[in-house]
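Asker: Here is my input, please return the structure:
(one chain, ligands or ions: 1)
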Amino acid sequence: MAAGLTRKNITETVERHRAYFATDVTRTHAWRRQQLDALERLLVERSADIVEALRADLHKHPTESELTEIGFVLAELRLARRKLRRWMRGSRVPVPLALAPARARTVPQPLGSVLIVGPWNYPVQLLLAPLVGALAAGNTVVVKPGELAPVTSELIGRLIPEYLDEQAVAVVEGGAEVSGWLLDQPWDHIFYTGGSRVGKIVAEKAARHLTPVTLELGGKSPVFVDGTGNLKAVARRIAWAKFMNAGQTCVAPDYVLVTPDAQERLQTELIVAVRELYGEDPEQSADYGRLVSTDHYLRLTSMLRLGTVVSGGRKEVGSRYLEPTILTDVLPTSSVMTEEIFGPVLPIVSVADAAAAIAFINERDKPLALYVMSARRSVRREFLERTSSGALAFNVGAAHLSVPGLPFGGVGASGMGAYHGKRTFDVFSHQRAVLSKPLAPDTLRLVYPPYTPRKSRFVTSLLRRLS
Ligand code: NAD
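Answerer: Numbering: from 1, shown residues only. Now for the predicted structure:
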């Protein structure tokens, strides 16, 4: 749904979804299963089209697209399908003895009509992974792809109606204006991935309808390096996580904090690692991405003036190319250290030791991810105990989100709510509390008024003993 779209069309879509949800079709296991199967077919049968769209928008290598976009969603989808019956069943919870005999359980229910607003950087993964959970949980869904990846947005807009139940799943394409219209609707949940500026708009608009939100935001994710362990391997891990998708990854290392004794060695190894990954001239590499828009190109290239370029820095506006670039001598107050970089520029800042790095991190917003490259257990424990972030990873960057059992989400300024694996199903479900107690024997007679002194003594002593 794109051309000639109006606010009225959107209101009508939401009303149609609500009416369809009321028929109870989407609640059934059969419908949920069909939708998951259909989404799997879409991803498998049309993978070549998806790969091509991602190449056109972001110059992603087909293997990277398989790994971080299509393959990622397929893994989430297959897990959801395998576990669907179990997830739908809910779970028993113990009943306090004072209430016995009784049975208590939680039963997940679909929320109703939900909205998923996606970004452009992983335009397939970050739109369809939440969709897996929304469908598995039995909701009707409107998805809004990131408009800065227009070829992928258009493809998703074409494929979803072809494969999924059109009465329950709609794609609305467009930018800020269309997003605004969507956010004005009375949703049962809004799942937003993107920057914090828009995240605040989402939260404000949702508040008008008391709609719950999941906000998957970004921010500056630091890496700490203390020079222990194999620095060659450390540099390779940092370079891979940072320069994948030309640095346009929400969990990419944003900057490096390094101890003075390790700085030179790390810089040298990072240069070697970039060469290993993308060759002498990354512009010629089929594996290296491009910036999403000219605005982002201008924003990022202007950062090169904010420090000393140690390596990289070559650029070409026409193709929105910016070489993997390492910067030193940056001021903590300059924009490269105060704003999320979200591109292939890696500032390296010297800190005295782990304690100074922790202080530096704790003075700033809580990051989405924090990476600690250290062979010392005591250092890793310090970071675990004294910092807060959406995720903390030791000796590896950007890989935690491929573990379905780990919650993926931020804390504080990096977001609210988390998903992946069963959690995505839970995000889009209401955990209903269900209690059932037989009428006989009527044990509650013991707690009904009138509260005679004898009864009061009995109730108090019973509660003290049983609770
Ligand atoms: P963005 O905030 O510009 O856009 C995201 C979505 O918001 C798009 O669909 C867009 O149409 C919509 N939007 C834009 N302006 C709007 C407005 N005024 N009102 C309503 N909706 C509006 O984000 P982006 O630049 O596409 O993505 C980059 C940011 O997203 C970075 O901060 C990054 O860290 C973050 N991010 C986070 C995750 C995560 O999983 N936590 C993943 C990817 C990106």
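
Asker: So which bits of the stretch 201-350 of the chain are right by the ligand?
Answerer: The stretch 201-350 of the chain comes close to the ligand at residues 201, 216-218, 250, 340, 342, as judged by Cβ under 6 Å from any ligand atom. The way it works is simple: take the backbone N, C-alpha and C, and place the C-beta from them, glycine included.

Asker: and which of the residues you listed is nearest the ligand?
Answerer: Gly218 (1.8 Å; Cβ to the nearest ligand atom).

Asker: Would you agree the closest one falls within a helix?
Answerer: No - counting by DSSP: H, G, I helix; E, B strand; the rest coil, Gly218 is not part of a helix but coil.

Asker: which non-adjacent residue is nearest it?
Answerer: Nearest residue to Gly218, sequence neighbours excluded (Cβ to Cβ, 6 or more residues apart in numbering): Cys250, at 4.6 Å.

Asker: contacting residues around that neighbour?
Answerer: 121, 193, 216-218, 368 (Cβ atoms under 8 Å, 6 or more residues apart in numbering).

Asker: Any stretches of the protein with poor pLDDT?
Answerer: 1-4, 466-467 (pLDDT under 70).

Asker: do that again at 90, thanks
Answerer: 1-7, 97-98, 445-447, 454-455, 458-467 (pLDDT under 90).

Asker: ok, back up a step: now tabulate the contacts of Cys250 in CSV and tack on neighbour count.
Answerer: Output for these, formatted as CSV (neighbours: other Cβ atoms under 10 Å):
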residue, neighbour count
Asn121, 25
Thr193, 26
Glu216, 26
Leu217, 26
Gly218, 26
Leu368, 27
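
Asker: Including distance to Glu316, could the residues you listed go into CSV?
Answerer: Output for the contacts of Cys250, formatted as CSV (distance: Cβ to Cβ, whole Å):
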residue, distance to Glu316
Asn121, 20
Thr193, 29
Glu216, 32
Leu217, 31
Gly218, 26
Leu368, 30
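
Asker: so Gln109 bridges to which residues?
Answerer: Under DSSP bridges, the beta-bridge partners of Gln109 are His430.

Asker: How about the contacts made by it?
Answerer: Per Cβ under 8 Å, 6+ apart, neighbours of Gln109: 27, 138, 429-430, 432.

Asker: Can you get me a residue count around Val295?
Answerer: Careful, residue 295 is Asp; it's not Val. Burial of Asp295 is recorded as 11 neighbouring residues (other Cβ atoms under 10 Å).

Asker: What is the strand or helix carrying it packed up against?
Answerer: Secondary structure assigned from DSSP states H and E places Asp295 in helix 294-303. Judged by 3 or more Cβ pairs under 8 Å, 6 or more residues apart in numbering; DSSP states H and E, the packing partners of helix 294-303 are strand 321-322.

Asker: So what are the sheet partners of the strand it packs on and their directions?
Answerer: When DSSP bridges is applied, strand 321-322 pairs with strand 315-316 (antiparallel).

Asker: Mind listing what's buried along whichever strand or helix holds Val336?
Answerer: Secondary structure from DSSP H and E places Val336 in helix 335-338. For helix 335-338, burial by neighbour count (16 or more other Cβ atoms under 10 Å) applies to 336-337.

Asker: mind checking how far the helix or strand that it is followed by is from the chain centre?
Answerer: Using DSSP H and E, the next helix or strand after helix 335-338 towards the C-terminus is strand 345-350. Computed by Cα atoms, centre = their mean, to the nearest Å, the separation of strand 345-350 from the middle of its chain amounts to 25 Å.

Asker: again, but for stretch 272-288
Answerer: The answer for stretch 272-288 is 28 Å, by Cα atoms, centre = their mean.

Asker: How about exporting it as CSV, limited to the C-alpha atoms?
Answerer: Output of stretch 272-288 as CSV, limited to C-alpha atoms (Å, rounded to 0.1, in the frame of the first residue of the first chain):
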residue,chain,number,x,y,z
VAL,A,272,45.7,-5.1,9.2
ALA,A,273,42.2,-6.5,10.0
VAL,A,274,40.4,-4.1,7.7
ARG,A,275,42.8,-5.0,4.9
GLU,A,276,42.1,-8.7,5.6
LEU,A,277,38.4,-8.2,5.4
TYR,A,278,38.1,-5.8,2.5
GLY,A,279,41.4,-5.7,0.7
GLU,A,280,43.8,-2.8,-0.1
ASP,A,281,40.9,-0.8,-1.6
PRO,A,282,37.6,-1.5,0.1
GLU,A,283,35.8,0.5,-2.7
GLN,A,284,36.6,-2.4,-5.0
SER,A,285,35.4,-5.0,-2.5
ALA,A,286,32.1,-6.8,-3.2
ASP,A,287,31.8,-7.3,0.6
TYR,A,288,31.8,-3.7,1.7
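
Asker: Would you tell me what helix or strand the residue lying closest to Ala354 once chain neighbours are set aside is located in?
Answerer: Distance criterion Cβ to Cβ, 6+ apart; nearest residue to Ala354, sequence neighbours excluded, is Val379 at 4.8 Å. If you go by DSSP H and E, Val379 is part of helix 377-386.

Asker: and what of Glu280?
Answerer: Residue-wise, Glu280 maps onto no helix or strand under DSSP H and E.

Asker: which residues does it contact?
Answerer: So Glu280 contacts nothing (Cβ under 8 Å, 6+ apart).

Asker: What are the contacting residues of the helix or strand containing Phe21?
Answerer: Taking DSSP H and E as the criterion, Phe21 maps to helix 7-22. Applying Cβ under 8 Å, 6+ apart, the contact partners of helix 7-22 are 1, 26, 110, 112-113, 139-142, 167-168, 170, 172, 178, 181-182, 184-187.

Asker: swap in stretch 292-309?
Answerer: With Cβ under 8 Å, 6+ apart, stretch 292-309 has contacts from 57-58, 120-121, 148-149, 248, 291, 313, 315, 317, 320, 322, 325-331, 334-336, 341-345, 347.

Asker: what about it, start to end distance?
Answerer: 22 Å (Cα to Cα, to the nearest Å).

Asker: Stretch 333-351 too?
Answerer: Across stretch 333-351, first to last residue, Cα to Cα, it's 16 Å.

Asker: next one: stretch 342-362
Answerer: 21 Å.

Asker: tell me the contacts of Ala129?
Answerer: Ala129 touches 72-73, 76, 419-420, 424, counting by Cβ under 8 Å, 6+ apart.
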